[in-house]
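K.L.:
What would the 3D arrangement of this be:
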Amino acid sequence: MASLGTGCEVTFLGTSASVPTPERGLPCIAVKRRGELILLDCGEGCQRQLMKAGMGFAKRMRILITHLHGDHVLGLAGLLQSMGLTGREEPLLVYGPRGLARAVEAFKEAVSFELPYPIEVHEVGEGLVCRGDGYRVEAKLVEHSVPTLAYALIEDERAGKFNPKRAAELGVPRGPLWKALQMGMEVKVEGRVVKPSDVLGPPRKGLKLVYSGDTGFTWSLVELSKEADLLIHEATFDDSLEHKALEEKHSTASQAATVAKLAGVKRLVLTHISPRYRDPTLLEQQARKVFQSVEVAYDFLELSLTYND
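P.N.:
Numbers count the residues shown, from 1 in each chain. Below you'll find the model as predicted:
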């Protein structure tokens, strides 16, 4: 069944690379969608950032870890304990590459605190990661110094546009029956069956959000990002340090923009900014020469992804 869809909110909780700065925390991005919170990576201090952003610890939460470098995963220890101390009982779902389960067990031992809620750890690779309420998450391996995943959150198709004039012509009264048709259900009117296809246009695409984690340029990320509404891509270095990016398997601003251009995305946001850049204007300028719809993230930047149709 096609989904009606309600869009989602994206909040950048940490946007620095490797070490925090006075202005930037370590990598963590929160996606709020239909009462569920999806965290992309979990850098140190993420629980405080969640509280500062006014989000707290949602009952329904998934965490997607791109790789096991400390700046992307060490925040799990504090988050696990904070959620336990605030009385969480609902299961926490955590996904990431091989080795994540051992890391989570180590974090649980380190906090020396009996967690009052279950943790489900799923070690995943390329392909389908999970399904949620009206969406799925897919992953591709990208180019970094340790096994690293990029994730795409892809919404289900939405119901086609409702035609109220046609519904009235078919004798369907305004109210709950209109809602049922929009939800993809057949209704009965005076002994006749009215199908959703009688009053709805063709299905409409849902939203697509892609997050790269750490990576050098790779065609697998271009493929994963095809026609995304939002691509969140690391830009650790400016173009003058392309040799360093190649050596460390990170990306420059222009390389991130090239991925966005090749993939035909609608919007690019650069993150994972090296602490050497107190002012990231240079990164934005370099990326904009390749791809126009770009900005550099900062902590607590909020974006709304909505439907144009």
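
K.L.:
What residues of stretch 7-23 count as buried?
P.N.:
Going by neighbour count (16 or more other Cβ atoms under 10 Å), the buried part of stretch 7-23 is 8, 10-18, 20-21. Using the backbone N, CA and C atoms, a C-beta is placed for each residue, glycine as well.

K.L.:
Going toward the C-terminus from the one helix or strand Ala77 maps to, what's the next helix or strand?
P.N.:
Under the criterion of DSSP states H and E, Ala77 resides in helix 75-85. On the C-terminal side of helix 75-85, the nearest following helix or strand under DSSP H and E is strand 92-96.

K.L.:
which residues touch that following strand?
P.N.:
61-68, 73, 76, 80, 83, 100, 104, 117-124, 129-130, 137, 149 (Cβ atoms under 8 Å, 6 or more residues apart in numbering).

K.L.:
Any buried residues in that strand, and which?
P.N.:
For strand 92-96, burial by neighbour count (16+ other Cβ under 10 Å) applies to 92-96.

K.L.:
again, but for stretch 60-79
P.N.:
By 16+ other Cβ under 10 Å, the buried positions in stretch 60-79 come out as 60-69, 71-79.

K.L.:
again, but for stretch 33-41
P.N.:
Of all the residues in stretch 33-41, those buried under the rule 16+ other Cβ under 10 Å are 33, 36-41.

K.L.:
Same question for stretch 140-151.
P.N.:
140-144, 148-151.

K.L.:
quick one, strands of the stretch 201-309 of the chain?
P.N.:
208-211, 230-234, 268-271, 294-296, 302-305 (DSSP state E, counting those that start in this stretch).

K.L.:
Below-threshold pLDDT in the stretch 201-309 of the chain: ranges please.
P.N.:
By pLDDT under 70, the stretch 201-309 of the chain has no low-scoring segment.

K.L.:
okay, the strands of the stretch 201-309 of the chain, which one's buried deepest?
P.N.:
Across those, averaging neighbours per residue (mean count of other Cβ atoms under 10 Å) puts strand 230-234 on top, at a mean of 28.

K.L.:
check contacts around Glu231.
P.N.:
No Glu there; residue 231 is Leu. Contacts of Leu231 by Cβ under 8 Å, 6+ apart are 210, 212, 225, 259-260, 263, 265, 267-269.

K.L.:
What's opposite it in the beta bridge?
P.N.:
Val210, Leu268 (DSSP bridges).

K.L.:
Look up how far Tyr298 lies from Gly14.
P.N.:
Going from Gly14 to Tyr298 by Cβ to Cβ, to the nearest Å gives 10 Å.

K.L.:
swap that for Asn308, please
P.N.:
26 Å.

K.L.:
between these two, who's got more neighbours?
P.N.:
Neighbours were counted for Asn308 and for Tyr298 using other Cβ atoms under 10 Å; Tyr298 has more, 13 against 6.

K.L.:
got the contact list for the more buried one?
P.N.:
By Cβ under 8 Å, 6+ apart, the residues touching Tyr298 are 12, 15, 23-24.

K.L.:
Going along the chain, name the helices of the stretch 101-250 of the chain.
P.N.:
Using DSSP state H, counting those that start in this stretch, the helices of the stretch 101-250 of the chain run over 164-169, 176-182, 196-199, 219-224, 242-248.

K.L.:
hmm, who's touching the second one?
P.N.:
Outside helix 176-182, the residues that touch it by Cβ under 8 Å, 6+ apart are 4, 159, 162, 164, 167, 172, 187, 189, 194, 196, 198-200.

K.L.:
which among those residues end up buried?
P.N.:
Buried by 16+ other Cβ under 10 Å: 159, 162, 167, 172, 187, 194, 196, 198-200, out of those.

K.L.:
Identify the residue with the minimum pLDDT among those residues.
P.N.:
The pLDDT minimum for the buried ones among the contacts of helix 176-182 sits at Ala159, where the score is 83.

K.L.:
before we move on, back to that, dump the contacts of Leu231 to a markdown table, plus distance to Gln182.
P.N.:
Formatted as a markdown table, the contacts of Leu231 follow (distance: Cβ to Cβ, whole Å):
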| residue | distance to Gln182 |
| --- | --- |
| Val210 | 29 |
| Ser212 | 35 |
| Ser225 | 30 |
| Val259 | 36 |
| Ala260 | 34 |
| Ala263 | 32 |
| Val265 | 29 |
| Arg267 | 28 |
| Leu268 | 33 |
| Val269 | 32 |
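
K.L.:
distance of the closest residue to Thr215 other than its chain neighbours from Leu221?
P.N.:
Among residues not flanking Thr215 along the chain, Val142 sits closest, at 3.7 Å (Cβ to Cβ, 6 or more residues apart in numbering). Plainly put, Val142 is 5 Å away from Leu221 if you go by Cβ to Cβ.

K.L.:
for Ser274, same thing?
P.N.:
The gap separating Ser274 from Leu221 is 20 Å, by Cβ to Cβ.
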